[in-house]
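Chemist: Have a look at this fold, sequence not included:
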C-alpha cells in the first residue's frame, strides 16, 4: 500500500484521470451553458470575457463544449477498448493454450489487422454502416483486438510454463478450465495496465476521427471537431484550439501515467520482490 500511495506516476495519473471522468459525469447533469446554444452576438469572445474559456464562432460556451466533449470521448473510447480487449484476450488465451496451428493463425490474422490503422478502418466501416459514433467504436475496437491478443498471448505463455499449471495439466484439467481459473487471474494485472494505455490511444484516435468528420456528428460536441473548427480562427481566437488541445493532452497524459503507475504497482518484479508460488 505504501508503494501505491507514494508512486508519483500513479498519483498524478489518478488525479488527471479522475478529473476527466468527473468532468464527463458532471456534464450529464450540468454545464455552464447549453453546449448547443447559439449566441451570435457573443461569438469569438475571449476567455473570461464571456464564460470561463470564452465562446466559439457560433457564440457557444467553450467550457460547456469541453465538458460534453469529455463525455463523448469516453463514451466512444471505453466501449471500443473493452470490446477490443474482450475479443483480443480470448484470442490470446486460445493461442497460448493450444499453441501450434491456432497460435500461428491468430498471430498472422493479427498482423493483417495491424496493417489497417484505426482511421483507415473507420473509413471502411463508415462506408458500410455510415460515419458516426458506431463506426468510430468499431474501428477503434478492431484496432485494439490484435494489441490485446499479442499482450495476452505473451503473458499467458509465461504462466503456462509455471509448475502449478503443469500439475493441473497432469491431473487432466481441461485447457479452457486452466485458462479461466489459473491463467486469467494471473494476467489480469497486465491486462488492466494495457487497458489504461489503450484508452489513452482511443481518446486520441477518437479526436482524430472527429477532426476528419468520421466520429461524433454535429451538433454534438467533440474535442476533435472543436480543433477542426478552430483552425479557421487561429489568428482571431487561439483559445478555440488551445482549450481542446490541452484537454486531449492532459487526458492522454493522465491515462499513460496511470498505466505506468499501475504497472509499477502490480508487477512484483518492479517492486524488487519475488513472485510467491
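Modeler: Received the coordinates, thanks. Treat the numbers as computed from the prediction; the structure is a model and nothing was measured.
Chemist: Going along the chain, name the helices of the chain.
Modeler: Using DSSP state H, the helices of the chain run over 2-6, 8-26, 62-98, 100-114, 118-129, 133-160, 163-170, 175-178, 184-211, 223-230, 239-266.
Chemist: any chance of those in CSV, plus mean pLDDT, distance to residue 36 and mean neighbour count?
Modeler: Yep, even glycine has a C-beta here, placed from its N, CA and C like the rest. Below are these laid out as CSV (pLDDT from 0 to 100; distance: least, Cβ to Cβ, whole Å; neighbours: other Cβ atoms under 10 Å):
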stretch, mean pLDDT, distance to residue 36, mean neighbour count
helix 2-6, 49, 42, 10
helix 8-26, 92, 17, 16
helix 62-98, 93, 9, 22
helix 100-114, 80, 37, 13
helix 118-129, 73, 24, 17
helix 133-160, 89, 17, 22
helix 163-170, 84, 56, 12
helix 175-178, 85, 50, 15
helix 184-211, 90, 16, 22
helix 223-230, 91, 13, 23
helix 239-266, 90, 17, 20
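Chemist: I'd like to know which of those lies nearest to residue 33.
Modeler: Residue 33 lies closest, by Cβ to Cβ, to one member of the helices of the chain: helix 62-98, at 4.8 Å.
Chemist: tilt between the closest one and helix 100-114?
Modeler: Between helix 62-98 and helix 100-114, the angle comes out at 160 degrees (axes from the mean of the first three to the mean of the last three Cα atoms, to 10 degrees).
Chemist: For residue 43, which residues are in contact?
Modeler: Applying Cβ atoms under 8 Å, 6 or more residues apart in numbering, we find residue 43 in contact with 55-59.
Chemist: Next, it: phi, psi?
Modeler: phi -70, psi 140 (degrees, to the nearest 10).
Chemist: Please report how far the residue nearest to residue 64 when sequence neighbours are not counted lies from residue 99.
Modeler: Of all residues beyond its chain neighbours, the one nearest residue 64 is residue 31 (3.9 Å), with distances taken as Cβ to Cβ, 6 or more residues apart in numbering. Using Cβ to Cβ, to the nearest Å, residue 31 is found at 53 Å from residue 99.
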